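**Q** Just to be clear, the model below is a prediction. Sequence and coordinates:
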Amino acid sequence: MAASPQSSNLTIELAAHGPLRVVRLLGEIDLGSSPRLRQQFLALVEDKDPKYIVDLSGVPYMDSSGVGTLVEFKRKLERRRGQVVLVGIQPRVRSLFEITKLDKFFIIAATLDEAAAK
Amino acid sequence: MKTRELFQIDLPSNPERLPAFREELRAWLVHQPWDEHQLCDIILAVDEALTNVIRHGYKNQSDQPIYFTAMALNGDGEPPGIEIRIRDYGQQVDLSKIAGRDLGDIRPGGLGVHLIRAMMSSADYFHAPGGGLLLIMRKSLNHTGKSQE
């Protein structure tokens, strides 16, 4: 597991769940932290067979810059026949996806096992 | 007016300042009669407004001034609630173009104003004298944000 340098209040960890790659986010995603997350996502998009689970269970707060970063990640993955599944969204963050109707745009799972089955 | 009813702070247009500011705002709001959902609504709306100022008003310059004022409204001629004013000296834009994007047009960005309007009872932008924008947001105590629907 590799952790990126913590220059803001967001930690980005790359992990595995069986054969699947998991991006585990810990902390708040806002205008200060989303550019670093975007850079990480842009690097991951270049991978071969880019299919990811993004674990948001450690994210108590997200604003529109975080949502936009996830939208961009999904769009870029789709262009490379990749996929992203969001897992563990906390209620407050989930309401953000619902208000913006992005809960229909993303594949969302409750657990890592459920995400792996998507 | 009691000190606790007014929260004023001058902020730099630095995104790294936002997490601590959200905590400061929360610490002030908990003394007001908001439930947790409403409190989170207000914090998100303010965060989105400040993000817009930094991104669009100041084009990501991190050392420009933002003046923030929150005032508890105690029902003296108005519904009890809160009024928040955010004033910047950034680029003045056509006020009619300050709008959230069509939610069916899914792309990164364009959600901040939509979220502000969803969380607050009202949000009105004005061209401020001397340049920049003034945003006045209000939320009444009986306002249920869309996060609770």
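**A** Ah, there it is. Numbers count the residues shown, from 1 in each chain, chains lettered A, B, ... in the order given.
**Q** How about residues contacting the helix ranked longest in chain A?
**A** As far as residue count goes, and with DSSP state H defining each element, the longest helix of chain A is helix A:64-79. Residues external to helix A:64-79 that are found in contact with it (Cβ atoms under 8 Å, 6 or more residues apart in numbering or on different chains): A:29-31, A:33-34, A:37-38, A:41-42, A:44-45, A:50-52, A:54, A:59, A:82-84, A:86, A:96-97, A:100, A:102, A:105-106, B:48, B:51, B:106-109, B:111-112, B:115. (Each C-beta comes from the backbone N, C-alpha and C, glycine too.)
**Q** Equivalent analysis for stretch B:51-68, please.
**A** Residues outside stretch B:51-68 that contact it (Cβ under 8 Å, 6+ apart) are A:30-31, A:63-65, B:7-16, B:18, B:21, B:46, B:50, B:84-91, B:93, B:112-113, B:132-133.
**Q** The same query, at a cut-off of 7 Å, please.
**A** Where contact means Cβ atoms under 7 Å, 6 or more residues apart in numbering or on different chains, the residues beyond stretch B:51-68 that reach it are A:31, A:63, A:65, B:8-15, B:50, B:86-91, B:112, B:132-133.
**Q** I figured residue A:87 was touching residue A:113, is that so?
**A** No. Under the criterion of Cβ atoms under 7 Å, residue A:87 lies out of contact with residue A:113, with a separation of 9.3 Å.
**Q** Please enumerate the strands of chain A.
**A** For chain A, strands defined by DSSP state E occupy the ranges A:2-3, A:10-17, A:20-27, A:51-58, A:83-87, A:107-109.
**Q** can the ones you listed go into TSV with extra columns for distance to chain B?
**A** Formatted as TSV, the entries for the strands of chain A read as follows, by distance: least, Cβ to the nearest Cβ, whole Å:
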stretch	distance to chain B
strand A:2-3	19
strand A:10-17	10
strand A:20-27	9
strand A:51-58	15
strand A:83-87	14
strand A:107-109	14
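**Q** will you turn those into TSV that also has mean neighbour count and distance to residue B:128?
**A** Shown next, in TSV, are these (neighbours: other Cβ atoms under 10 Å in any protein chain shown; distance: least, Cβ to Cβ, whole Å):
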stretch	mean neighbour count	distance to residue B:128
strand A:2-3	10	43
strand A:10-17	16	33
strand A:20-27	18	34
strand A:51-58	21	37
strand A:83-87	21	39
strand A:107-109	17	41
